[in-house]
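Below: sequence and its predicted model.
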Amino acid sequence: MDERLTQAELDALWRFDDPIASAERFAIAAAEPDRPELVRAELETQRARALGLQGRFAEADGLLDSLEPAIGTLAVRILLERGRLRNTAGSVDEAVALLEEALLAARREGEDFLAADAAHMLAIADPSRSEQWTEEGLAGLRSSDDPRTLRWGVALHNNRGWTLFEAGDARAAVGEFEAALEAAERHGTLDQQFAAQWSLARALREVGRWQEALAIQRRLAAERPEESDVQAELAALAEVEGQAHVATDDAARDSARDHPATEAAPTIEP
């Protein structure tokens, strides 16, 4: 057994759309014989996270309590998961304090992946300083050459894009979604690439670049025809396209009325 818990194993165990199954998978993995105690404890932090996603906050906290005192990477994970629990439970001030502590601890331990995770969570839990936390997360990625750590660029740019979009700055959001798509194409999963393209297309529609948005959504529809968000966007874009054609026809009629055609010059026979 590995002496450290790898992110690859965590990725394989997590099912974020099914926290009940995820908690069971982490419990089974932690109970495997010959697991080093540190790895077992780190797996339990993820089971606590899965319990929190189910709203079982007291159980999750109790599980994290059982892992203390802790040092090193395990201590970072405990702080991070406590912060996530508080945020999910709506205790935002406590969440921010814990996540700030997790970010500092991750940096001290040289845990770039967990530092990016903490910065990403802070940008969500502390919206008044979202830009600061996002920039801190992205700055931390600049010194990393680990593809799995660099994948955080997808979430950080995507979240900043939606923050800008919802604040009414769709043009700036386009730039962030383009950066998210670039990170997804370099380091992300197929699902992240799909979602990044959808977000970019949505922002392009908002700024009037509907032809580009339509081309993207058509590609996505061909890839996943059952995706309801894509179908909804295609319907919205069809309406925009129809309005554009009506406007073009009206403009052509107005131009014809204002500038009648001239008679052809008479032909002079040689």
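Great, that's in hand. Numbers count the residues shown, from 1 in each chain.

From Thr134, how far out is the residue nearest the centre of the chain?
Centroid check for the chain by Cα atoms, centre = their mean gives Ala155 as the closest residue, at 3.3 Å. Distance from Ala155 to Thr134, counting by Cβ to Cβ, to the nearest Å: 10 Å. Bear in mind the C-beta positions are built from the backbone N, C-alpha and C, glycine included.

Next: Asp146.
Asp146 is 19 Å from Thr134, by Cβ to Cβ.

which of those two has more neighbours?
Thr134 (22 against 12; other Cβ atoms under 10 Å).

Give me the pLDDT value at the more buried one.
On pLDDT, Thr134 comes in at 98.

phi, psi of it?
Per-residue torsions, Thr134: phi -60, psi -40 (degrees, to the nearest 10).

With Trp210 instead?
Dihedral angles for Trp210 - degrees, to the nearest 10 - are phi -70, psi -30.

same deal with Pro225?
phi -60, psi -20.

ok, back up a step: which SSE is the residue nearest to the centre of the chain in?
Assigned by DSSP states H and E, Ala155 belongs to helix 152-166.

what's the distance between that helix and the middle of its chain?
7 Å (Cα atoms, centre = their mean, to the nearest Å).

Where does the prediction get shaky in the protein?
1-2, 247-270 (pLDDT under 70).

how near is the closest residue to Glu101 other than its chain neighbours to Glu136?
Spatial nearest neighbour of Glu101, excluding adjacent residues (Cβ to Cβ, 6 or more residues apart in numbering): Leu79 at 5.2 Å. Counting by Cβ to Cβ, the separation of Leu79 from Glu136 is 16 Å.

How about Ser91?
22 Å.

Which one's more surrounded, those two?
Each of Ser91 and Glu136 has its neighbours counted (other Cβ under 10 Å); Glu136 has more, 20 against 16.

pretty sure that one is touching Ala119, no?
Yes. Here Glu136 reaches Ala119: they are 5.0 Å apart, a contact under Cβ atoms under 8 Å.

Which neighbours do the two have in common?
Counting by Cβ atoms under 8 Å, 6 or more residues apart in numbering, the common neighbours of Glu136 and Ala119 are Leu103.

Could you find the closest non-adjacent residue to Ala97?
That would be Gly83: by Cβ to Cβ, 6+ apart, it lies 8.0 Å from Ala97.

ok, that neighbour - how many residues close by?
25.

ok, residues contacting whichever strand or helix holds it?
Assigned by DSSP H and E, Gly83 falls within helix 72-89. If you take Cβ under 8 Å, 6+ apart as the criterion, helix 72-89 is touched by 4, 38, 41-42, 45-46, 48-49, 52-53, 55, 57, 60-61, 64, 67-68, 70, 92, 94-99, 101-102, 105-106, 109, 111, 114, 117-118, 121, 124-125.
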